[in-house]
Structure formats: C-alpha cells, structure tokens
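1. Can you look at this prediction? I've put the sequence above it.
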Amino acid sequence: MNTKLISFKNVTVSFWQNDFGVHSIKDLMKHRKQPFSNKIILNDVTFDVERGACMAILGRNGSGKSTLLRTIAGLIKPIKGQITINGTFAPILAIGAGVELELSGYENINLLLSLYGRYKRNSNTIQDIIAFSELSHEQLSMPVKRYSSGMVARLAFSISIANDADILIIDEVLAVGDKGFQQKCMDKIFGIKAEGKTILFVSHFTEEVMKICNTALLLDKGNLIDSGTAEEICNKYMRLFP
Ligand SMILES: Nc1ncnc2c1ncn2[C@@H]1O[C@H](COP(=O)(O)OP(=O)(O)OP(=O)(O)O)[C@@H](O)[C@H]1O
Ligand SMILES: [Mg+2]
C-alpha cells in the first residue's frame with residue numbers, strides 16, 4: 001500500500017486581485033494602469049503527508065493555511081507544480097466553506113451527504129449528525145446565514161465526521177466552539193486518529209496542536225519555511241511570532 005497519502009511538489013497558487021477597487025467599466029476607464037495583479041499565495045510548496053499522520057499547518061493570519069487546505073481538497077488549482085492524493089476527503093472545514101449559507105441546517109446536511117458520491121444517505125446518519133451538533137429543530141430549520149459562527153462550526157464539523165473518508169480536514173473549528181463542544185470535538189478527533197485516519201489540522205492554539213498532531217508545517221507569506229515534529233514547529237512558531 002502507498003504510504004504517501006498526499007504529495008505536493010513545487011506547488012504554486014496565485015489569485016487575481018483588484019488593486020484599485022475597479023468595479024465597473026467606468027472605473028476601469030479612469031485607470032490607466034492595469035487594475036488587476038496576480039498575487040502569489042503559495043510559493044513553490046513541497047511536502048508529503050504519510051497515511052495515518054496527524055499534521056498541523058501553522059502560520060500567521062493570511063500566511064496561506066486555508067488556501068493550502070483548499071488546494072489539497074481540489075477546490076483551487078495551482079498554476080505550477082504537481083499534487084498527488086491517494087484518498088478521499090471529509091469536507092473542508094474553513095468554518096462555513098462547504099456549507100451553503102442560503103440553505104437551512106437540514107438542507108445542508110442532505111445536500112452535503114448527497115454530494116459525497118460514495119456515501120449512502122440514511123436516516124441513522126442524519127440523526128447522528130443532528131445529535132452531535134446539538135442544534136435544535138428550530139435552529140436546523142433556519143438558513144445558515146442566520147447562524148452564529150459557533151453554530152456553523154457545529155454543523156460543519158458534525159457533517160464532516162459522519163463521512164467515512166480517509167482524510168479529515170479541520171480548519172480552526174475549535175476556535176469558535178464553546179468549551180463543551182471543543183472537548184467533544186477533541187474526543188472525536190482522538191477517536192478518528194486512533195482509527196488510523198489522516199488528519200490535517202489548522203489552529204492558532206499551539207497547546208491543542210501539540211496534543212493532537214505528530215507533525216507540522218510552518219507557513220509564512222505563502223512560503224513553507226519549516227516542517228518537522230508538531231512540538232518543534234510549535235516552538236518555532238511561538239519563537240518567530242510571539
Ligand atoms: N479568493 C481569494 N482571492 C484573492 N485572494 C485571496 C483569496 N482567498 C485568500 N486570499 C488571500 O490569500 C492569502 C492567504 O489567505 P488564507 O485564507 O489562506 O490565509 P490563512 O493562513 O488561512 O489565514 P487565517 O489564519 O487568517 O485563517 C491572504 O492574503 C488572502 O487575502
Ligand atoms: Mg484560514
């Protein structure tokens with residue numbers, strides 16, 4: 001069996017950005033200069049993730065962590081480099097990414113379960129998701145755009161763990177949950193880890209990272225500046241960016 005579940009080779013991701021607030025043809029005519037520029041968000045990133053690893057991605061705000069997770073999940077195509085993935089994903093958890101804001105909690109559960117092609121929808125699974133989220137019938141009936149960020153995180157995390165995928169992606173979900181939910185998520189994450197699944201974990205809380213993860217990457221301004229054990233990288237992160 002291939003032990004490498006994810007492999008990134010010299011991956012570069014860029015986004016077009018609107019530098020002068022050009023929103024119409026009139027705005028465009030006012031500017032002589034090119035109003036859009038191509039900004040490199042991930043620069044020549046190379047790393048591997050072994051099957052069964054629990055890897056953290058650390059870095060300051062805007063360093064490219066969520067972009068990296070989205071690229072791994074195939075939501076963003078790199079402009080350069082090679083990506084190999086040998087497994088299936090639970091949905092991306094960029095607090096709400098993957099969750100449709102106009103739909104209710106119930107509708108999102110049904111939609112996301114149907115989207116995981118190989119997954120069979122059944123009422124037991126739906127009941128498990130509802131029970132784990134602890135959201136009420138009233139809350140699950142309203143559009144997600146009216147949810148608090150903690151409620152969105154509850155919904156997203158509960159749906160993602162119901163999918164029997166090889167890779168679980170967790171992007172800052174614990175940061176917005178209340179204490180009770182945080183503990184419940186931690187217990188669940190340890191359970192998933194014990195089953196031998198692979199976990200990619202983004203968090204700014206190094207204590208949490210050291211408890212959950214074995215390895216880690218450190219990103220800064222889109223560059224992968226170091227990789228190693230979770231403890232080494234957490235210490236370096238705290239030293240470089242106190
Ligand atoms: N769709 C997009 N279009 C243009 N720029 C984007 C887009 N998404 C992200 N960016 C930019 O990419 C950079 C990295 O963003 P990203 O969300 O990956 O950072 P992050 O490390 O997850 O930060 P945080 O800790 O705040 O969650 C930022 O400068 C951001 O403005
Ligand atoms: Mg992010």
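-> Looks like it came in fine. These numbers come from a predicted model, not from an experiment. Numbers count the residues shown, from 1 in each chain. Ligands and ions are numbered 1, 2, ... in the order given.

2. now the helices: where do they sit in this structure?
-> Taking DSSP state H, the helices of the chain run over residues 25-30, 65-72, 105-115, 123-133, 137-141, 149-162, 173-176, 179-194, 206-212, 230-240.

3. Tell me which of these sits nearest to residue 40.
-> Each of these has some distance to residue 40 by Cβ to Cβ; the shortest is helix 65-72, at 10.6 Å. For the C-beta atoms, the positions are set from N, CA and C on the backbone; glycine is no exception.

4. Which secondary structure elements does the closest one sit against?
-> strand 4-18, strand 36-50, strand 54-58, strand 80-85, strand 167-171, strand 198-202, strand 215-220 (3 or more Cβ pairs under 8 Å, 6 or more residues apart in numbering; DSSP states H and E).

5. what about the last one, near ligand 1?
-> In other words, strand 215-220. No. With Cβ under 6 Å from any ligand atom as the measure, strand 215-220 is seen stopping short of ligand 1, the closest distance being 6.6 Å.

6. now that strand: how far from the chain's centre is it?
-> Distance, stretch centre to chain centre, for strand 215-220: 14 Å (Cα atoms, centre = their mean, to the nearest Å).

7. Could you do the first one as well?
-> Distance of strand 4-18 from the chain centroid (Cα atoms, centre = their mean) equals 14 Å.

8. how many neighbours does residue 186 have?
-> 15 (other Cβ atoms under 10 Å).

9. Ok, the one 10 residues further on next?
-> For residue 196, the number of neighbouring residues by other Cβ under 10 Å comes to 9.

10. Would you confirm that it contacts residue 50?
-> No. Checked against Cβ atoms under 8 Å, the pair residue 196 and residue 50 is beyond contact range at 11.3 Å.

11. Would you mark the buried spots in stretch 217-229?
-> Neighbour-count burial for stretch 217-229, counted by 16 or more other Cβ atoms under 10 Å, picks out 217-220, 222-227.

12. what does stretch 128-138 give?
-> For stretch 128-138, the neighbour count (16+ other Cβ under 10 Å) marks 129-130, 132-133, 135 as buried.

13. Need the contact partners of that stretch.
-> If you take Cβ atoms under 8 Å, 6 or more residues apart in numbering as the criterion, stretch 128-138 is touched by 105, 109, 140, 151, 154-155, 157-159, 161-162, 181, 184, 188.

14. One more pass at 6 Å, please.
-> 105, 109, 154-155, 158-159, 162 (Cβ atoms under 6 Å, 6 or more residues apart in numbering).
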